[in-house]
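S.K.: fold the following.
(3 chains)
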Amino acid sequence: MKRTVERHLNILEFTLASLLRRRAKNLSLLAMYLLVIFMLASLQFFVTALKREAALILTDAPDMVVQRLTAGRQDLVPDRYGADIARIKGVTAVRPRLWGYYYDALNGANYTIMASDDTAAPPGAAIGAAIAKARNLQIGDLLPLISYDKSPVMLEIGSIFPSSSDLIAADLIVLSPADFQQLFNFPGGQATDLAVTVRNPKELPTVAAKIASQFPDSRPILKSEIQRTYQSIFDWRGGMTLIVLASALLSFIIFAWDKATGLSAEERKEIGILKSIGWETSDVLLLKFWEGLVISLTAFLLGVVLAYGHVFFLSAPLFAQALKGWSVIYPRFQLVPVVNAYQLAVLFFLTVVPYTTATVIPCWRAATIDPDAAMRY
Amino acid sequence: MRRSLQFILFTAVTLTVFLLLPLHARNAQHHREAPVPQLQSLHVTDLCLATEARYTRHPAVADSHAPFQEHPLALEHFPTGALILPNIPGRDTK
Amino acid sequence: MIELSGITKSFNSGKPNQFTAVDNVSLTINPQQITVLKGPSGSGKTSLLTMIGCMARPTSGRIFLHGVAAAVPFQQEGVDSVEITSLPERFLNDIRRSTFGFIFQQFNLVKGISVLENVMLPAYPTGERRSDFRDRALDLLEQFSISRHAGQRIELLSGGELQRVAIARALINNPAIIIADEPTAHLDSKLSQEFMAIVGRMKGEGKSVLIASHDPIVFDSPLIDRLVEMRDGAVVNSGSPR
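M.R.: This is a model prediction of the structure:
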């Protein structure tokens, strides 16, 4: 047993010496490999955590949202619709929602404005952490917004949402319905859309059908549809995911190709020398196996660990940059860490195993040469 | 210490950190911050991922033809439209 | 003692381009002596050496190793001969590693690693403790006065120094028999003389040395014990001990 361990350690020693010989080449190979795994693992962590977050947040979403369409575009919903829908069998509650967007000319940002008559909340407007940062606001400050008739609406900041709730509220301003109507000159008796609660979730499609037939210009959106949006949001068919996956795959093919297209004459000669001084075929194959494993295992472990740090400790700056687009207000992706062992195992088997195999297999022929061939060099 | 032992040690350390990641994740999940009650009462339908355009801010409730809103030929106006896919009904046959 | 009985090595047998490298050679090589195989290239010297050194198998014939039992781990009690021609690959390898040390015409040292590492290489797969063979390697370097080059890459060494590294490497596993194929082919006269002196020392330490050479400095050397002449794969003069 001890002899086996010593043998492995000795051969590993030679592997490392061998790799260090072409230090620059092997370091850059390791770096590239690491980068590929880092990107793939980061993407995996990010998307999985985001999907989980969405699933958690959207459990609170309304059972159904009813919009009204005019000429194909979203229009305001009269309260009358709400009253009629409330009478449909199975509907327990209808809540008209007042919300919209505000464009802040000062910094080119878009805010989401929602009206809420939640009496338990602290008085004054509540704003998201990103807005507080962008406009340098603290509790008690006044935020002037320009209403439709160009007159200012002064909002006193009553509370600021914590940065950990950025994924819901980074760009959010919550005010009273009265302030909302004043700001937007919003007509009374109308709502942006209606939030409908249904007693039995299984009846949702039936209720939706009834609403659609009763109000042909309505567009009911079910909770399941809302949730599904976010489960497929970073589908591999989408832009960013596709680009990252495609480039990773391409890099991988390049590595494996370089290895799999056989040995250089120098490598072949070296194997011949090893065979001639007493190394068996199995020793040579072990050498090549270690060579592949040293690079791929190091790249994999480091890549995944760094990816975890990148996404969950640094809030994924690389992806945040991509997702930012032209947004002026954007959330900090303080995601709750999620590790999906299955996905990591797949990543392992798609990267470490092929690379190690691609390093060992081409040497098979060279490793089995008769040692006496070395005498004839 | 000879090279091979250095490497084994290094790998052991990274492997340990690697194996601790799920534990850290589970721990973080348990100590998740409680949601702000005021936000819960809002019953939002969308996550705030990008605030450039309506259909990237509220993709779940955006107009179904929203990507073409600005100009009939403008296939994409905002960069994040390329990242956040619209919710086309019937696209996922689940 | 090495006993060869009717050794033949032919390539492509049965085909029109059949080539016989070694033709029915029977020879006894005495232990603790310096034996030189003399002959022009193509005379079968190298082929014979590879077969004796457990690197290749003869087409027909038998090779016996007598008195090397101590080096063979699986040997039965009380029997001190091994017939190597019919041994399975693994055992053949074991014997080769523990009994023979090789010095090649081109030295065959590994570029890019240190002298010390080159010398230690044959010991790596044996599973021996690194500190043990490292000490032995350092001793050997000391013995051949090249200790100061221990950490250097071999590309930086002169011809004579490389020769000594190659010899040190051949000795790392403490073999009983040293085999050298045209060792002086790339050396000048002075270094060739030095080589023979080292060979003489090895004999003094109880090792057997087998050299194939067409260099007069080797086969005319007063140090050698036996000269075997070969031509066209056959022994033409099995030489008398001097």
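
S.K.: any weak-confidence spans in the chain?
M.R.: Here I'm looking at chain A. Low-confidence segments of chain A (pLDDT under 70): A:235-240, A:259-262, A:371-377.

S.K.: wrong chain, I was asking about chain C
M.R.: Looking at chain C by pLDDT under 70, you get C:68-80, C:240-242.

S.K.: near chain B, which residues of it show up?
M.R.: By the rule Cβ under 8 Å from any Cβ of the partner chain, the part of chain C lying against chain B is C:R130. No exception for glycine: its C-beta is placed from N, CA and C like everyone else's.

S.K.: need the three-state assignment for A:V346.
M.R.: Put simply, A:V346 is helix when judged by DSSP: H, G, I helix; E, B strand; the rest coil.

S.K.: oh, that last question was meant for C:T8, not what I typed.
M.R.: Strictly by three-state DSSP, C:T8 counts as strand.

S.K.: my read: it touches C:N24, true?
M.R.: Yes - the criterion here is Cβ atoms under 8 Å, and C:T8 meets it with C:N24 at 5.5 Å.

S.K.: show me which residues of chain B are close to chain C?
M.R.: Neighbours of chain C within chain B, by Cβ under 8 Å from any Cβ: B:R2.

S.K.: check chain A too.
M.R.: A:2-4, A:6-7, A:9-11, A:13-14, A:17-18, A:21-22, A:270, A:273-274, A:276-280, A:283, A:370-372, A:374-377.

S.K.: just the buried residues out of those, in ChimeraX syntax.
M.R.: In ChimeraX, a selection of the buried entries from the residues of chain A next to chain C looks like this (16 or more other Cβ atoms under 10 Å in any protein chain shown):
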select /A:6,7,9,10,11,13,14,17,18,270,273,274,276,277,278,279,280,283,371,372,374,375
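
S.K.: just the ones of the residues of chain A next to chain C in helices?
M.R.: Among the residues of chain A next to chain C, the ones falling in helices (DSSP state H) are A:2-4, A:6-7, A:9-11, A:13-14, A:17-18, A:21, A:270, A:273-274, A:276, A:283, A:372, A:374-375.

S.K.: what residues does the residue of chain A found nearest chain C make contact with?
M.R.: Across chain A, no residue is closer to chain C than A:R3, which sits at 3.1 Å (Cβ to the nearest Cβ). Going by Cβ atoms under 8 Å, 6 or more residues apart in numbering or on different chains, A:R3 touches C:126-128.

S.K.: okay, and the residue nearest to A:A256 when sequence neighbours are not counted sits in which element?
M.R.: Once flanking residues are discounted, A:A256 sits nearest to A:A358: 4.5 Å by Cβ to Cβ, 6 or more residues apart in numbering or on different chains. Here A:A358 sits within helix A:341-360, counting by DSSP states H and E.

S.K.: let me know the next secondary structure element after whichever strand in chain A runs longest.
M.R.: Criterion DSSP state E: the longest strand present in chain A is strand A:152-160. Later in the chain than strand A:152-160, the nearest helix or strand by DSSP H and E is helix A:166-169.

S.K.: still on that earlier bit, by contact count, what packs against the helix holding A:A358?
M.R.: Judged by 3 or more Cβ pairs under 8 Å, 6 or more residues apart in numbering or on different chains; DSSP states H and E, helix A:341-360 is in contact with helix A:23-57, helix A:239-260, helix A:281-308.

S.K.: show me where pLDDT drops low in chain B?
M.R.: Residues of chain B meeting the criterion pLDDT under 70: B:1, B:64-79, B:81-83, B:85-94.

S.K.: let's see that with 50 instead.
M.R.: Within chain B, the segments meeting pLDDT under 50 span B:71-74, B:93-94.

S.K.: domain parsing for it?
M.R.: Listed by automatic domain parsing, the domain ranges of chain B are B:1-32, B:44-87.

S.K.: okay, now the sheet partners of the helix or strand A:P220 falls within, with direction.
M.R.: Element membership for A:P220 (DSSP H and E) is strand A:218-222. Strand A:218-222 pairs in its sheet with strand A:64-70 (antiparallel), by DSSP bridges.

S.K.: which residues outside the partner strand are in contact with it?
M.R.: For strand A:64-70, the external contacting residues (Cβ under 8 Å, 6+ apart) are A:74-78, A:81, A:85, A:97, A:193-196, A:198, A:204, A:207-208, A:211, A:215, A:217-223, A:226, B:45, B:61, B:63.

S.K.: cool, thanks, talk later.
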